[in-house]
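Undergrad: got a predicted structure here, sequence first:
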Amino acid sequence: MSVVLENGRRQFDYWATVYKRTWKGSLVSSFLLPLLYLAAMGIGLGSFVDGNGADALGGISYLQFIAPGLLAATALQIAVGESTYPVMGGIKWQKFYFSMVATPLRPADVMYGQLAFVAFRVLTTCTVFLVVIALFDGLATPWGLFGLPVALLVGMAVSAPVCAVATRLENDTGFAMIFRFGVVPAFLFSGAFFPVSQLPDWIEWLAYLSPLWHGVELSRDLSLGTVDPLAALGNLAYLAAWFVVGTWFAVRGLTRRLIN
């Protein structure tokens, strides 16, 4: 176990070094866009919603309703972005994964390092976003701060299976499908902007299959102080299952690409 942790730490060091040189290029997608969503939907549209239906959300503002969902959705977007092109680059374009496994590192160590860096990106971005949410009074209760580890778990629950898909693709055309039919629908129909119970039944059940919906529900319940312990455990177990199973497939896929 200590060898695995040390090898994973070395991989994380590599990605952290790369990020030191490229972090300025991620400012817009990682920090500015989530803030614009918060301002446009929470403050702009929120002022209209609050003014025309003050009691529709049970006494909370629309900003406080959507802010936890936007936090989880931001984690999903960052995770997908760091699990698609960077993974394919390591296999197909720059091929630095092959250099890594030419050392005592195993493909599993390479993937663990990749996932650790994704966790770092999700955590740093969501921390900044959560601070901004708190400054705009987007948290109904201090329990909303626990939305940060929930966002991290959402990011990892998404990152692992996306990495698994990326290791099996021969070119990047498949990423368009992931963003178009995965990220966008999950973002719009996750319950972040409105309860999914308002959707048609067949779409509502599809929303429940998304890990983002479980993250949004748990994050919002924490922020509002309305956590049901049994439901929370179910949400956590569902997200953890996506991460564990996705990691297994990601390691298996990378091993096949690098060794075979």
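TA: Done, it's in. Numbering: from 1, shown residues only.

Undergrad: could the C-alpha coordinates of the helix or strand where residue 97 lies be exported in PDB?
TA: Assigned by DSSP states H and E, residue 97 belongs to helix 96-101. Taking Å, rounded to 0.1, in the frame of the first residue of the first chain, the C-alpha atoms of helix 96-101 are listed here in PDB:
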ATOM      1  CA  PHE A  96       3.900  10.600 -21.800                       C
ATOM      2  CA  TYR A  97       2.000   7.700 -20.200                       C
ATOM      3  CA  PHE A  98       4.400   5.400 -22.100                       C
ATOM      4  CA  SER A  99       7.400   7.200 -20.600                       C
ATOM      5  CA  MET A 100       5.900   6.800 -17.100                       C
ATOM      6  CA  VAL A 101       5.400   3.000 -17.400                       C
END
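
Undergrad: the stretch 51-200 of the chain: strands as residue ranges?
TA: Taking DSSP state E, counting those that start in this stretch, the stretch 51-200 of the chain contains no strands at all.

Undergrad: so which residues of it form helices?
TA: 62-83, 85-88, 96-101, 107-135, 147-166, 173-178, 184-188 (DSSP state H, counting those that start in this stretch).

Undergrad: quick check: buried residues in the longest one?
TA: Right, helix 107-135. By neighbour count with 16 or more other Cβ atoms under 10 Å, helix 107-135 contains the buried residues 107-123, 125-126, 129-130, 132-133. (C-beta placed from N, C-alpha, C; glycine too.)

Undergrad: now the fifth one
TA: By 16+ other Cβ under 10 Å, the buried positions in helix 147-166 come out as 147-148, 150-166.

Undergrad: ditto for the shortest one
TA: Residues of helix 85-88 classed as buried by neighbour count (16+ other Cβ under 10 Å): 86, 87, 88.

Undergrad: again, but for stretch 226-241
TA: Result for stretch 226-241 [16+ other Cβ under 10 Å]: buried residues 227, 232, 235, 236, 238, 239.

Undergrad: looking at these, which are in helices?
TA: 232, 235, 236, 238, 239 (DSSP state H).

Undergrad: name the nearest of those residues relative to residue 211.
TA: Nearest to residue 211, judged by Cβ to Cβ, of those is residue 239 at 5.5 Å.

Undergrad: nearest spatial neighbour of residue 123, chain-adjacent residues omitted?
TA: residue 152 (5.5 Å; Cβ to Cβ, 6 or more residues apart in numbering).

Undergrad: look up how far residue 168 lies from the one you found.
TA: Using Cβ to Cβ, to the nearest Å, residue 152 is found at 25 Å from residue 168.

Undergrad: one more: residue 209?
TA: Distance of residue 209 to residue 168, given as Cβ to Cβ: 21 Å.

Undergrad: of these two, who's got more company?
TA: Neighbours of residue 209 and residue 168, each counted by other Cβ atoms under 10 Å, are more numerous for residue 168; the result is 15 against 10.

Undergrad: these two touch, right, that one and residue 253?
TA: Yes: with contact defined as Cβ atoms under 8 Å, residue 168 counts as touching residue 253 (5.1 Å).

Undergrad: just to revisit the earlier point, now the buried residues of helix 85-88 in TSV, please, with extra columns for pLDDT and distance to residue 77.
TA: Below are the buried residues of helix 85-88 laid out as TSV (pLDDT from 0 to 100; distance: Cβ to Cβ, whole Å):
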residue	pLDDT	distance to residue 77
86	91	14
87	93	16
88	93	18
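
Undergrad: what is the nearest of those to residue 258?
TA: Of those, the one sitting nearest to residue 258 (Cβ to Cβ) turns out to be residue 87, at 11.8 Å.

Undergrad: so that closest one touches residue 115, yeah?
TA: No: under the criterion of Cβ under 8 Å, residue 87 makes no contact with residue 115, lying 10.2 Å away.

Undergrad: what do the two both touch?
TA: Residues touching both residue 87 and residue 115 by Cβ atoms under 8 Å, 6 or more residues apart in numbering: residue 163.
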